[in-house]
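>>> Sequence below, structure please.
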Amino acid sequence: MKQPWRNLVLLLFAAAVAVGLLAGGNLGAVDAEQIAQVRHYTELVEAAHANYAVDDVTYRDLVYASIGGMLRNLDPHTSFLPPVAYDSMRERQQSSFYGLGIYVGTRNNRLTVISPIEGTPGYEKGIRAGDIIHLINGEPTEEMNPNEAIRKLKGPKGTDVTVTLLRPGLDEPLEVTVTRAEIPQETVRHAHMLTPETGFLWITDFSRSTGGEVARALAELKDQGMRRLILDLRFNGGGLLDQAIAVSDQFVPPGTTIVETRGRIDSSHQSYASTGRHEPLGLPVVVLVNGGSASASEIVSGAIQDHDVGLVVGESTWGKGLVQTVYELSYGAGLALTTARYYTPAGRLIQRDYSSYWDYYTGYDANGDNGDEDELPPVDQPESEDRPVFHTDLGREVYGGGGVTPDYVVELDEDPPIIFRLRTRSGFHRFPFEEGVPEGVDSTDWQVPDDYLERFWDWIVAEELVSAEELDEALENPAVERHARVRLRYEIFNTAFGLTEGFKAERQLDNQLERALELLDEAEELLERRMEQDRQIRGRSQSTGLVADGAGVGAPAFWPAPNASREAASQPYPLNRAATASQSTTFQKAFR
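Numbering: from 1, shown residues only. Now for the predicted structure:
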């Protein structure tokens, strides 16, 4: 294996030099100094491999370590992707994979089925929520992390995988052989009505199918009577840049800017505008964000905020304003290289300071507290005084740096300590499976009876999850009983009615969602002001571009683009730039 890894050293640095030359616009020959630097590096690798005191150091170890050290000097998001990581990244971007069709997670330190997906091979074979996956093709799962187990459950289409299940109530393990099939990898995890007029849409990622998924979900919600929307981007770490543009295109006026990218080379300067390809929503929108919302999520929330077509509520986003181009290298590896910064329509760069990587990832460089609930941090306070101020289409102040600051800052309520402990120890998940579910769980109106809750309290003490004294003290806080009822209801509904109903049940504890619902009227007022501004700019004899003439907010959307953008609408989005390393095509993405 010596020669291939020596070749990889040369290949990586040749690719780096080639990319550097292209970036600088110089297509000439590599000069003597660059050749000397490559030779110097290979000599160092050879010396370390031959003489390092630890006898099992490999060329691969040395190459990977040196690459990591080199890239760390650039920025937090430029990274080398070993073959496994590169394959995993590409798989996450796809719209489907081949597997069983089950959601799995760790419960009580065991790999557990959270829910099968209806119509998939796992569902048809009778795999149930709560089943413990004991073996995968005869291999124990106790020492596997969830990602490793998921890789083993996936495989080529039409191949078999045998799982051995431990099912509550059965004395013997249950062996099931499942034939892998294509499973949709949906990024719109939940789309349903919260009230007769209010839709809810939760996007978990931005992959190749996200734009189409959102379009279909919005159409279905409008068919169900939706006249206002909660768009949930919390804990969405980003994804593909073109899909952030495709989603934003469905909310902002045609012809208006969605995002701009700017880098060191001319080709990185791009401005992406709404094309009018999708019928814009034209309804009041509140976008939920938090510190886990990054990258593509910040592009969408920033565009909606800057164009005043919706309010942003929650906690400040991560603050990742860098765009990576992913280059495919030999040996199945990849390089995610930062090639541009992105800017919101108002001109904001929302990238946080990363001069200290420790501060960047721990959050110690955050701009102070989020401020008082429901208030933007005043400009004269320390957390915002050094941040550049920009203005939305209506002239509202917004800030650059430090992520997207919500219009209304609302911190998520934390679980009481005893509830948090019971969740981490899988108490709420285990109890219904081990002790049974009461009769009468036949509709989503079901509530946890008092006697069932008392059984739960007795059980957690008997299982030594908490002591009797700790329980008595905790129950002095009324919130503990409320949280316990909701958590039990969530686990029971996941099994009885599916993940959507379980998710709805759990939202009873979501104070950020509760505040978003309260702010929908204000979002409607904001949209009406945006409509009036549009009328004044275009003239009252023309369509406002927001809703059909003569209609109010909430009417069917009719947002015609100007002539120029009508022509642009017939053209596809600009193709991703091509890389020269290994003559591969690149995937440009807002990459966390």
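
>>> May I ask which helix or strand of this structure has the lowest mean pLDDT?
Every helix and strand in the chain was compared by mean pLDDT, DSSP states H and E; the lowest is helix 563-569, with a mean of 30.

>>> so Arg532, which of the three states?
Actually, residue 532 is Glu rather than Arg. Of the three states, Glu532 takes helix under DSSP: H, G, I helix; E, B strand; the rest coil.

>>> What of Thr106?
Classified using three-state DSSP, Thr106 is strand.

>>> who touches it in this structure?
By C-beta atoms under 8 Å, 6 or more residues apart in numbering, the contact set of Thr106 is Thr112, Pro146. Quick note: C-beta positions are derived from backbone N, CA and C, even for glycine.

>>> hmm, 6 Å instead?
Shown in contact with Thr106 (C-beta atoms under 6 Å, 6 or more residues apart in numbering): Pro146.

>>> how much space between the residue nearest the centre of the chain and Asn108?
Against the mean C-alpha coordinate of the chain, by C-alpha atoms, centre = their mean, the closest residue is Asn236 at 2.3 Å. According to C-beta to C-beta, to the nearest Å, Asn236 and Asn108 sit 28 Å apart.

>>> try Asp442
Noted for Asp442: a distance of 28 Å to Asn108, by C-beta to C-beta.

>>> who's more crowded, the two?
More neighbours surround Asn108 than the other of Asp442 and Asn108, with 12 against 9 (other C-beta atoms under 10 Å).

>>> With adjacent residues omitted, what lies nearest to that one?
Distances taken as C-beta to C-beta, 6 or more residues apart in numbering put Ser426 closest to Asn108, at 3.9 Å, once the chain neighbours are dropped.

>>> Is Gly334 in contact with Leu81, as I believe?
Yes. Contact status for Gly334 versus Leu81: in contact at 3.9 Å, counting by C-beta atoms under 6 Å.

>>> which stretches of the stretch 351-500 of the chain aren't confidently modelled?
The model of the stretch 351-500 of the chain has pLDDT under 70 over residues 363-385.

>>> Tell me where it has helices.
With DSSP state H, counting those that start in this stretch as the criterion, the stretch 351-500 of the chain has helices at 357-362, 382-385, 417-424, 427-435, 450-462, 468-474, 478-496, 499-506.

>>> So for Tyr343, which of these sits nearest?
Between Tyr343 and the helices of the stretch 351-500 of the chain, the shortest gap by C-beta to C-beta is with helix 382-385, which sits at 18.9 Å.

>>> Alpha carbons of the helix or strand where Glu524 lies, as PDB, please.
With secondary structure defined by DSSP states H and E, Glu524 is part of helix 520-538. Extracted C-alpha coordinates of helix 520-538, given in PDB (Å, rounded to 0.1, in the frame of the first residue of the first chain):
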ATOM      1  CA  LEU A 520     -49.300  35.800  12.700                       C
ATOM      2  CA  ASP A 521     -51.600  38.800  12.900                       C
ATOM      3  CA  GLU A 522     -48.500  41.100  13.000                       C
ATOM      4  CA  ALA A 523     -47.000  39.100  10.000                       C
ATOM      5  CA  GLU A 524     -50.200  39.800   8.100                       C
ATOM      6  CA  GLU A 525     -49.900  43.600   8.900                       C
ATOM      7  CA  LEU A 526     -46.300  43.500   7.700                       C
ATOM      8  CA  LEU A 527     -47.300  41.800   4.400                       C
ATOM      9  CA  GLU A 528     -50.000  44.400   3.900                       C
ATOM     10  CA  ARG A 529     -47.400  47.200   4.300                       C
ATOM     11  CA  ARG A 530     -45.100  45.400   1.800                       C
ATOM     12  CA  MET A 531     -48.000  45.100  -0.600                       C
ATOM     13  CA  GLU A 532     -48.800  48.800  -0.300                       C
ATOM     14  CA  GLN A 533     -45.200  49.700  -1.000                       C
ATOM     15  CA  ASP A 534     -45.200  47.500  -4.100                       C
ATOM     16  CA  ARG A 535     -48.400  49.300  -5.300                       C
ATOM     17  CA  GLN A 536     -46.800  52.700  -4.900                       C
ATOM     18  CA  ILE A 537     -43.600  51.600  -6.700                       C
ATOM     19  CA  ARG A 538     -45.400  49.900  -9.600                       C
END
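
>>> How far away from the center of its chain is it?
30 Å (C-alpha atoms, centre = their mean, to the nearest Å).

>>> With stretch 38-47 instead?
Here the centre of stretch 38-47 is set off from its chain's centre by 40 Å, with C-alpha atoms, centre = their mean.

>>> low-scoring stretches of the stretch 51-200 of the chain, by residue?
Applying pLDDT under 70 to the stretch 51-200 of the chain flags the ranges 95.

>>> Let's see that with 80 instead.
By pLDDT under 80, the weakly predicted segments of the stretch 51-200 of the chain are 54-56, 91-96, 108, 169.

>>> Would you state the helices of it in chain order?
Under DSSP H, counting those that start in this stretch, the stretch 51-200 of the chain gives helices at 59-72, 83-93, 121-124, 146-153.

>>> Also the stretch 201-350 of the chain?
210-223, 241-248, 296-306.

>>> Quick check: which helices or strands does the last one pack against?
Contact here means 3 or more C-beta pairs under 6 Å, 6 or more residues apart in numbering; DSSP states H and E; on that basis helix 296-306 packs against helix 241-248, strand 285-289.

>>> what packs against the shortest one?
For strand 285-289, the elements it packs on are strand 228-232, helix 296-306, strand 311-314, helix 511-518, judged by 3+ C-beta pairs under 6 Å, 6+ apart.

>>> do the same with the first one
Under the contact definition 3+ C-beta pairs under 6 Å, 6+ apart, helix 241-248 sits against helix 210-223, helix 296-306, strand 587-590.
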